[in-house]
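In: structural data only, the sequence is not supplied:
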Ligand code: NA
Ligand code: NA
Ligand code: NA
């Protein structure tokens, strides 16, 4: 009876390949980390589930006619999903701490050195047999050091779609690992005395400043780096929805409905890129290693710049806040606060760390713009 | 003056066909049932309105450039809408009762006999002149017996798009009619004594079990029936969003925003398939008759299986809960509860009926997978 | 080093054109009006920001692969976004005042004379050198007089996509200016005694009437003007979701999630049509002038019809409510109330003005249908 | 096309358009009046459902009143 | 295709289909039972998380109870 | 392309990239400082709107305080 035969041929166990089994295991690990360790669950849980679904034999869920394949095509290939997430991030972010203390932008800038050092590292890895990263690949990998998920996905979808799965997983994993990666570096590069520095309370920021802020950032972006305009434009649009005070409905939609819906779809779509042939390669190991490197270097250069500012300002800046420059909002700022409290139980650095923290978001979007302009042009 | 002439030619009364008038009347009846009789209003109201809109002469709203035509093309032809609904159903469903008493899955299995008996019935109808159902058509019709709207729409969109309108209308109508269709069958097939059986309280189900549940179901689906993976995968993804406890935002989005928005569009799109030439045919009558048959048979086989379990367990199972195996969540479980209360005013069977009820959802998704694998392959 | 050169070439200042700078300034003005003057901020803020984004040199955000270009293509070219907004407007609108006093429909009809007078005005402008409006262009411009944003965008996207940006900006700007444009005309055309007329309290409207209302309107639309069926159909569908009382979930989705999300995207997409070559032309000045004319004429003819009704009914109608016939819901009704209170501090006309106000929405949708049928056919 | 031709077309369209808009809405006046009568005759005394509906509304306003009152009481302490 | 052929196919499909549905769900019964045992052994005593969860639920019901009580009190004045 | 060539490109890109990131954000420091001054001069004393804004916030916190207090009172009975 041909029905039986067709059915057996249509079963998963008859078609399962080793790589698929392994990738499903990877998906399960991501979900485990998301649920049990609370590693960026909003993204890693859908990514992990997407990895499982897309590796089911026969079903072709990540194929061109499969659900995840179609979602990827519509939302990630076009760049729409990361941009909408950026709009939501803008609507959720209060840039007040940055406006009150614009000099913290320099910390956000310094921390982006993690990106460019990693770029060099990725290219140097080509000397190891088995690695063959182009300049595009290396740029997409480097952006992991930006510690900003949607930026990484946006850039990877443009410069190295094949590596997108590994890059997104690395970016979100290390963002979740910030509380483990950063403190040792912070303690190693700062003295107890530096860590105990109390900072002056931030000045009040007026509503008008908050409304003018998105325009100021966007203006510079337009003048000097239009390749970053989609990212920074949507970030600032979301922030204007928030700060304008006249479009409460739209601000809520950007902060909730849109970002939640898009997060589900973005996660599933990224997961659909976790196929065995793309992910189970030596290159993924390289990407994971480089990603860790990127975070460490970014943290270190952020701290070093903060130490310089500490000197220049005659000790007004607590160097710890430099570590928040990698972005990973708001995790990195919380880590700064926690490490600061270890040295002085009454020293709350959270608000001061929010400045470099959100500066890091702008910094990595700028870095992404540079990479797009030079490499993607 | 040509304007006048063009205008007259563009008027509805100048172009109205009988079939369109009748189909608009069908739409009005569906809306009447939805509003006045509360027949599955969430779907039947948009379906009915879609039927009216798509039968307006000249306007071509269900044409390739019309609103409903585009929505159908994007959301139903691709299968995306039913799958998103399934995700939402998963996020809304507590499978605790099933986990506490897995044996009720057998009731969900038995009730699917309604599907396959109807398949045979549809093929047998070909002996009546005027009917010409292919194996695909018969399979799509049979799934009405699954008593699960999105599954029916998903399968029909794949196997028999021409019959989709009639199948969806039949599926949702009979789901609404469950409180009328089922009780007589339940009373006929059970004795007063059986109906009075009190069941043991369900054991407590731990959070870990609820988290592992989606993976268990998905694993079996992957191994044995990957053709059901899109349906079961999205159902289990939604359920994991719910039970993981770490992605409250996404769970809410799946349970509210996404399912509500998609329901509006799905209903309108299904309604756009209610055209006179497709719907006003003898085949629709056949489909409606077969659908009723499917529900009756499914109810009966569910009850019979429950009677077997009643015997095997030495009377611990109240056979009424077998009727809930057809799914139609949560209506069928409520009917069980109500009929049970007729025999004993203190016998609340609702929770016990929820087990077979949600088992029926899985059961009909499995049946859909079989039909897709064998017929749609 | 070619990197530097490529980078300079990729900078905004190296590629900026005058027209783009001016259009960004226009965008800023729109945002200023939205935030500071509260001019229809829900639309004008996204439109203004869209104008800025789409005029950024190099970035091509409104190009076929840019975010705004894709949103425009999917949502505005197809007509989907305005229709979904109409569904939301229907779900947000209580037509009770109109049902209680159907004769106010005549006020909504009279006020549409603003549309057709403007049509003639636009054609007459062709006598001025530099203007070259086709009948399609003139029709799309004329609909500004309908004082209804989504209707204007829908019609313009069908009849004159090149003018869409200017038409949408004019429509929403004048809707925001209603409190400034209308009162002088209202005072000029009515006597103090007329303005002091107290109207009888509106009768109670039953739930059944509210449910039958959408069908009544849709029926006439089907019979006589199917070209208006998409607009009126979606408006009435939204209203039925609201009034049916059985689909609370869907009604909420139409009133909130869908309309909010679509408004953001619609605004950005409309803004993407504000390019220098299209907007910075003498034709835009003409459109702005004609739009103001349209509002004034519509207000005047609404008032005059109300004066006739005042006479015919023996003074029962306060002629002021005729001004609300232009729609611009609910702004125009509030203006009527305010001007009425100037003459008599205890005369609240708000509810009586809501009748002609919502009648104006139906009236302009009907006018749009006529224009589509005759011009767009 | 000459402007005069266009204007002629425009005048035609204006007459036609206003004619249709007026006719349409005038018929709608009649139709709505009929609809209201039909509704009244269908629901007969009809008070019960209405009362139920307004009951629900009262509840709503009452809830708001309760909350406002609670807040005011709290503040006035 | 002749109706009899179709019917034969249908019977085959019915047997196959019910067979698979039953087998699948029967295996699932076994799998779920195993899963529950696994869960029980993994979490050991496991009471604490459950308690926490039900705590949260209690809070929720309590909140509703508080609000209802507040409203009732207000009304009964 | 030889790895050494790639690395050379990489070094160039690194210098260029960090240069631009730093320059961009340094200009932004200046621009934001200027923007804040502009804002201060535009709004003059500027206290009134701020007060209004914080008023709204107070209301919000007050509401939460009211509700918490109500719940506490209810529980403590
Ligand atoms: Na960053
Ligand atoms: Na079922
Ligand atoms: Na109007």
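Out: Alright, I've got the coordinates. As the structure is a prediction and not an experimental result, all values here were calculated from the model. Residues are numbered from 1 along each chain as shown, chains lettered A, B, ... in the order given. Ligands and ions are numbered 1, 2, ... in the order given.
In: remind me which residues of chain D are low pLDDT?
Out: Low-confidence segments of chain D (pLDDT under 70): D:1, D:44-77.
In: mind listing the strands for it?
Out: Ranges of strands within chain D: none, based on DSSP state E.
In: buried residues, stretch D:7-26. List them.
Out: By 16 or more other Cβ atoms under 10 Å in any protein chain shown, the buried positions in stretch D:7-26 come out as D:9, D:10, D:13, D:14, D:16, D:17, D:18, D:20, D:21, D:22, D:24, D:25. Where C-beta positions appear, they are placed from N, C-alpha and C, glycine not excepted.
In: ignoring the adjacent residues along the chain, who's closest to the closest residue to ligand 3 within chain A?
Out: As assessed by Cβ to the ion, ligand 3 sits closest to residue A:249 within chain A, at 22.6 Å. Using Cβ to Cβ, 6 or more residues apart in numbering or on different chains and skipping residues adjacent in sequence, the residue nearest residue A:249 is residue C:260, 5.0 Å away.
In: show me the contacts for the one you found.
Out: Shown in contact with residue C:260 (Cβ atoms under 8 Å, 6 or more residues apart in numbering or on different chains): A:249, A:250, A:252, A:253, A:257.
In: quick one on the thing from earlier: quick one: residues contacting the residue of chain A closest to ligand 3.
Out: Residues in contact with residue A:249 (Cβ under 8 Å, 6+ apart) are C:42, C:256, C:260, C:263.
In: just the pLDDT for residue A:158.
Out: Note on residue A:158: pLDDT of 94.
In: same question, residue A:260
Out: pLDDT, residue A:260: 97.
In: so which of the contacts of residue A:249 wins on neighbours?
Out: Compared across these, residue C:263 has the highest neighbour count, 24 neighbours, by other Cβ atoms under 10 Å in any protein chain shown.
In: that one: which element?
Out: Using DSSP states H and E, the element containing residue C:263 is helix C:259-271.
In: any idea where the helices of chain D begin and end?
Out: D:3-43, D:47-76 (DSSP state H).
In: ok, now the stretch 1-150 of chain A?
Out: Using DSSP state H, counting those that start in this stretch, the helices of the stretch 1-150 of chain A run over A:2-9, A:12-15, A:18-36, A:41-54, A:67-71, A:80-92, A:96-100, A:105-111, A:113-125, A:135-142, A:149-159.
In: select from those the stretch with the lowest mean pLDDT.
Out: helix A:2-9 (a mean of 67).
In: where are the low-confidence patches of chain A?
Out: The model of chain A has pLDDT under 70 over residues A:1-4, A:6-7, A:377.
In: so for it, the centremost residue is which one?
Out: residue A:148 (1.9 Å; Cα atoms, centre = their mean).
In: hmm, it is touching residue A:359, no?
Out: No: counting by Cβ atoms under 8 Å, residue A:148 does not reach residue A:359; the two are 11.8 Å apart.
In: what residue in the stretch 1-150 of chain A comes nearest to chain C?
Out: Here the stretch 1-150 of chain A gets closest to chain C at one residue, residue A:83, 5.4 Å apart by Cβ to the nearest Cβ.
In: from residue A:154, how far out is that residue?
Out: In this view, residue A:83 and residue A:154 are 7 Å apart by Cβ to Cβ, to the nearest Å.
In: residue contacts, the residue nearest to residue A:58 when sequence neighbours are not counted?
Out: Excluding the flanking residues, the one nearest residue A:58 by Cβ to Cβ, 6+ apart is residue B:226, at 4.2 Å. When contacts are counted by Cβ under 8 Å, 6+ apart, residue B:226 touches A:10, A:11, A:12, A:15, A:56, A:57, A:58, A:59, B:369.
In: with residue A:125 instead?
Out: Neighbouring residues of residue A:125 by Cβ under 8 Å, 6+ apart: A:131, A:133, A:286, A:290.
In: can you lay out those as CSV showing neighbour count?
Out: As requested, the contacts of residue A:125 are exported to CSV (neighbours: other Cβ atoms under 10 Å in any protein chain shown):
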residue, neighbour count
A:131, 18
A:133, 25
A:286, 22
A:290, 25
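In: ok, which pair from those is furthest apart?
Out: A:131 and A:290 (10.3 Å; Cβ to Cβ).
In: next to chain C, which bits of chain D? Give me the list.
Out: D:3, D:6-7, D:9-11, D:13-14, D:16-18, D:20-29, D:31-33, D:35-36, D:38-40, D:42-43, D:46, D:49-50, D:53 (Cβ under 8 Å from any Cβ of the partner chain).
In: near chain B too, which of the residues you listed?
Out: D:13, D:16, D:20.
In: so the last one sits against residue C:225, correct?
Out: When you say that, I think you mean residue D:20. Yes: proximity of residue D:20 to residue C:225 meets the contact threshold set by Cβ under 8 Å, at 7.1 Å.
In: tell me the residues that contact both of these two, please.
Out: With Cβ under 8 Å, 6+ apart as the test, residue D:20 and residue C:225 both reach C:366, C:370.
In: for chain A, which residue gets nearest to chain D?
Out: For chain A, Cβ to the nearest Cβ, closest residue to chain D: residue A:248, 19.5 Å.
In: tell me the residues of chain D that contact ligand 3?
Out: If contacts are counted using Cβ under 5 Å from the ion, no residue of chain D sits beside ligand 3.
In: redo the contacts of residue A:125 as CSV? Include distance to residue B:19.
Out: CSV is the format used below for these (distance: Cβ to Cβ, whole Å):
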residue, distance to residue B:19
A:131, 66
A:133, 63
A:286, 65
A:290, 65
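In: just the residues you listed that are near chain D?
Out: Answer for the contacts of residue A:125 near chain D: none qualify (Cβ under 8 Å from any Cβ).
In: ok, of those residues, which one's closest to residue C:330?
Out: Proximity of those to residue C:330 (Cβ to Cβ) peaks at residue A:290, which lies at 58.0 Å.
In: just list the residues touching the closest one, thanks.
Out: A:118, A:121, A:122, A:125, A:141, A:142, A:144.
In: redo that, cut-off 10 Å
Out: Residue A:290 is in contact with A:117-119, A:121-122, A:124-125, A:133, A:138, A:141-142, A:144-145, A:167, A:170, counting by Cβ atoms under 10 Å, 6 or more residues apart in numbering or on different chains.
In: for it, give its distance to residue A:138.
Out: 9 Å.
In: buried ones in the lengthiest helix in chain A?
Out: Longest helix in chain A, counting residues (DSSP H): helix A:282-312. Neighbour-count burial for helix A:282-312 flags A:283-284, A:286-288, A:290-310 (criterion: 16+ other Cβ under 10 Å).
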